[in-house]
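K.L.:
Provided below are the primary sequence and the corresponding predicted coordinates.
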Protein chains: 2
Amino acid sequence: MQVSLQALKAFESAARRGSFKLAAEELSLTPTAVSHHISNLESRLNVNLFHRQTRQIILTETGRILAKATTEGFRKIDNALAEVKTAGSVVRVTTTSSFAAMLLIPALQEFSQAYPNIAVEVATGEAVDNQPYIIPIRYGDATSVAPGDIISHELFDVFGARGMKPPCWSAEPVTLFTTEWKNAALPAPPLAAWLAANGLDGANIVLKKFDQELFGIQQAMTENSLVFCSTTLTKRLLNANLLQQFGTSPVKSDLCYYVPDKPSFDSRNTHTFLNWIAGLLHG
Amino acid sequence: MQVSLQALKAFESAARRGSFKLAAEELSLTPTAVSHHISNLESRLNVNLFHRQTRQIILTETGRILAKATTEGFRKIDNALAEVKTAGSVVRVTTTSSFAAMLLIPALQEFSQAYPNIAVEVATGEAVDNQPYIIPIRYGDATSVAPGDIISHELFDVFGARGMKPPCWSAEPVTLFTTEWKNAALPAPPLAAWLAANGLDGANIVLKKFDQELFGIQQAMTENSLVFCSTTLTKRLLNANLLQQFGTSPVKSDLCYYVPDKPSFDSRNTHTFLNWIAGLLHG
DNA sequence: CACTATAGATGACTAAAACTCATCTGTTAA
DNA sequence: TTAACAGATGAGTTTTAGTCATCTATAGTG
């Protein structure tokens, strides 16, 4: 002797719209179905929910009480469903402007070809959208990040603009763009380690610093000079032959891309997306 | 591509109980049905709601959001349903202690024989239960009550204990119990009108006053004396031959029994009950 | 004042879910 | 190593929800 949820849904709609006909339209049913539902409900509950007048139904006192509760209850559920459905169809990401501009956004086209049903929205900047579901891809210190959250450890190397002739590391002064993060807590680019690994002393290197890797890379490209930066950001430019390398060896850094609390991003599309990102960074 | 409410119900239960098996028990289903519902839900929403481990399911972040909303939403609806179901099976009344004790409660047995499926609960006293659904049967001034709310207009007359010999209105002093309401706004019992209607001057009547009609009636019965009170309260005692009349004529009063906002008490059982009460008072 | 149009009620029938059963998987605990 | 257990999966069945045809009552309309 349980009431059916469909019947309650029909009742809620009829109560809200004030008509079985309109409720039927709203629910894509026939008015007959709504009528059946409501009389079923009334006989199961043993109360009248509507006063029937010709071409007009009016909620009874009891009906009003039930209508209020069902409207509120279903609204709560519907809102959550809408939220969850969104989570199922769009992936939202925030990340640094360098990563977004140089890798993520350019590569997104490939993602949508591979997964046409998943929309991706990218936001950059400090807009601390603590909305649920938004995935923050951060650039940080690998030694202070949970290992499971890390997507990739960063390698650093020197790159030069297309067509440059290889730099002469021991003669005249060489200009090298590098990055000095605004956020002092971030590990600095491992330039000393790179010099050591490549057997250089760096005595004739003139450093010029930007606060975002992106700017240094762009500057190097337009000024036909060199930049010391992470290998992931330059991957696409190398492939496109807009940057070149000079046989130097990359060095590991303490920097990494990571997603805080990564295992909690567990919806299907989020998972797909994060796997794809990992491939993008490692492949 | 709509999600089904049954599936949501199954999910809500599984989320709350932390197990498909327990949810199945709660909903009187097989675990298979719950499993089907949830995988259906997951594929329609395109999200994972549970992490499946062996013999253990754990809500995903998304699942937690949906679980919270569905639990709250369904609880709201269920509470209202319980309330409405109650309204369908039990009728609650408050009224004066005199009316309850002398007419309503004694007659209730007949009501439950006629309508075995309707339970009636009677409360008396000032406990201003403004709960929904409680029917207040009040005793008041007919001239200041909406006509549609009135159940019956009261007639007043003099009654005596069983076996008394008829009083002699003109000789020795006659003791007459009557009522003086605590609430001064109530019309007084129409004693003057009754005396006039019965051609008496009342010169030798000694009045004794109680603040409830019930007390005067009881006193008259135990002391073998007379009481001036409403005819409805004495109806049963007359039938049972515990009280008698002496050929006097009853007079109308401004007092009535009424239910504030009576037309709003429109559930089936309430209606049945109020009709029965009306019959009780008029018949 | 009849006539038509309209909202809903009713009952028989059908389509579509919801549910179960039998079987299978992976893991835990004995 | 095996029994036991929670859940997954697929096919088949039952129940429910929905439709169609028909009917009622009445509010507008000419």
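P.N.:
Perfect, thanks for sending it.

K.L.:
The residue nearest to A:Gln212 when sequence neighbours are not counted: neighbouring residues, count only.
P.N.:
Nearest residue to A:Gln212, sequence neighbours excluded (Cβ to Cβ, 6 or more residues apart in numbering or on different chains): A:Ser98, at 5.2 Å. To be clear about C-beta, it is placed using only N, CA and C from the backbone, and glycine gets the same treatment. A total of 22 residues lie near A:Ser98 under the criterion other Cβ atoms under 10 Å in any protein chain shown.

K.L.:
Ok, the one 3 residues further on next?
P.N.:
In terms of burial, A:Ala101 registers 18 neighbours under the definition other Cβ under 10 Å.

K.L.:
In a helix, it, correct?
P.N.:
Yes. Assessed with DSSP: H, G, I helix; E, B strand; the rest coil, A:Ala101 lies in a helix.

K.L.:
Please tell me how far it sits from DNA strand D.
P.N.:
Noted for A:Ala101: a distance of 41 Å to DNA strand D, by Cβ to the nearest atom of the strand, to the nearest Å.

K.L.:
And for A:Gln218?
P.N.:
49 Å.

K.L.:
Make sure I have this right: the residue nearest to A:Gln212 is in a helix.
P.N.:
Yes. Counting by three-state DSSP, A:Ser98 is located in a helix.

K.L.:
my guess is A:Leu195 meets A:Asp201, correct?
P.N.:
Yes. Using Cβ atoms under 8 Å, A:Leu195 is in contact with A:Asp201, at 6.8 Å.

K.L.:
Which one's more surrounded, the two?
P.N.:
Here A:Leu195 and A:Asp201 are compared on neighbour count by other Cβ under 10 Å; more neighbours surround A:Leu195, at 19 against 10.

K.L.:
give the contact list for the residue nearest to A:Gln212.
P.N.:
A:Ser98 makes contacts with A:139, A:212-214, A:233, as judged by Cβ atoms under 8 Å, 6 or more residues apart in numbering or on different chains.

K.L.:
State the pair within those that is farthest apart.
P.N.:
Farthest-apart pair in the contacts of A:Ser98 is A:Tyr139 and A:Leu214; separation 11.7 Å (Cβ to Cβ).

K.L.:
What segments of the stretch 1-150 of chain A are strands?
P.N.:
Secondary structure of the stretch 1-150 of chain A by DSSP state E, counting those that start in this stretch: the strands cover A:50-53, A:56-59, A:90-95, A:119-124, A:134-141, A:150-161.

K.L.:
Make TSV from these and add mean neighbour count to it.
P.N.:
Output for the strands of the stretch 1-150 of chain A, formatted as TSV (neighbours: other Cβ atoms under 10 Å in any protein chain shown):
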stretch	mean neighbour count
strand A:50-53	13
strand A:56-59	16
strand A:90-95	20
strand A:119-124	15
strand A:134-141	18
strand A:150-161	20
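
K.L.:
what about the residue positioned nearest the centre of chain A, distance to DNA strand D?
P.N.:
Central residue of chain A (Cα atoms, centre = their mean): A:Val93, 1.9 Å from the mean position. Distance, A:Val93 to DNA strand D, by Cβ to the nearest atom of the strand: 29 Å.

K.L.:
what's the neighbour count on the residue in the stretch 51-200 of chain A positioned nearest to DNA strand D?
P.N.:
Relative to DNA strand D, the nearest point of the stretch 51-200 of chain A is A:Thr54 (3.1 Å; Cβ to the nearest atom of the strand). Using other Cβ under 10 Å, A:Thr54 has 5 neighbouring residues.

K.L.:
what's the burial count for whatever residue of the stretch 101-250 of chain A ends up closest to DNA strand C?
P.N.:
Ranked by Cβ to the nearest atom of the strand, the top residue of the stretch 101-250 of chain A for proximity to DNA strand C is A:Gly148, at 18.9 Å. Other residues within reach of A:Gly148, judged by other Cβ under 10 Å, total 10.

K.L.:
how about the lengthiest helix in chain A, does it get close to chain B?
P.N.:
Identified as the longest helix of chain A according to DSSP state H is helix A:61-89. Yes. Judged by Cβ under 8 Å from any Cβ of the partner chain, helix A:61-89 and chain B are in contact via A:61-62, A:65-66, A:68-70, A:72-77, A:79-81, A:83-85, A:87-89.

K.L.:
From A:Ile38, how far off is the residue of the stretch 51-200 of chain A closest to DNA strand D?
P.N.:
Going from A:Thr54 to A:Ile38 by Cβ to Cβ, to the nearest Å gives 17 Å.

K.L.:
swap in A:Val47?
P.N.:
On the measure of Cβ to Cβ, A:Val47 and A:Ile38 end up 11 Å apart.

K.L.:
Compare neighbour counts for the two and give me the winner.
P.N.:
Set A:Val47 next to A:Ile38 and count neighbours by other Cβ under 10 Å: A:Val47 wins out with 25 against 22.

K.L.:
per-residue confidence at the more buried one?
P.N.:
Note on A:Val47: pLDDT of 91.

K.L.:
Could you double-check that it sits in contact with A:Leu59?
P.N.:
No. Contact criterion Cβ under 8 Å: A:Val47 and A:Leu59 do not qualify, at 11.5 Å.

K.L.:
wait, what's in contact with A:Ala23?
P.N.:
Neighbours of A:Ala23 in contact, by Cβ under 8 Å, 6+ apart: A:10, A:13-14, A:16-17, A:29, A:31, A:34.

K.L.:
now the strands of the stretch 1-150 of chain A as JSON lines including distance to A:Asn269?
P.N.:
Listed next are the strands of the stretch 1-150 of chain A as JSON lines, based on distance: least, Cβ to Cβ, whole Å:
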{"stretch": "strand A:50-53", "distance to A:Asn269": "43"}
{"stretch": "strand A:56-59", "distance to A:Asn269": "42"}
{"stretch": "strand A:90-95", "distance to A:Asn269": "5"}
{"stretch": "strand A:119-124", "distance to A:Asn269": "9"}
{"stretch": "strand A:134-141", "distance to A:Asn269": "10"}
{"stretch": "strand A:150-161", "distance to A:Asn269": "17"}
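
K.L.:
which residues does the closest residue to A:His282 other than its chain neighbours form a beta bridge with?
P.N.:
Distances taken as Cβ to Cβ, 6+ apart put A:Ser152 closest to A:His282, at 6.0 Å, once the chain neighbours are dropped. When assigned by DSSP bridges, A:Ser152 has beta-bridge partners A:Tyr257.
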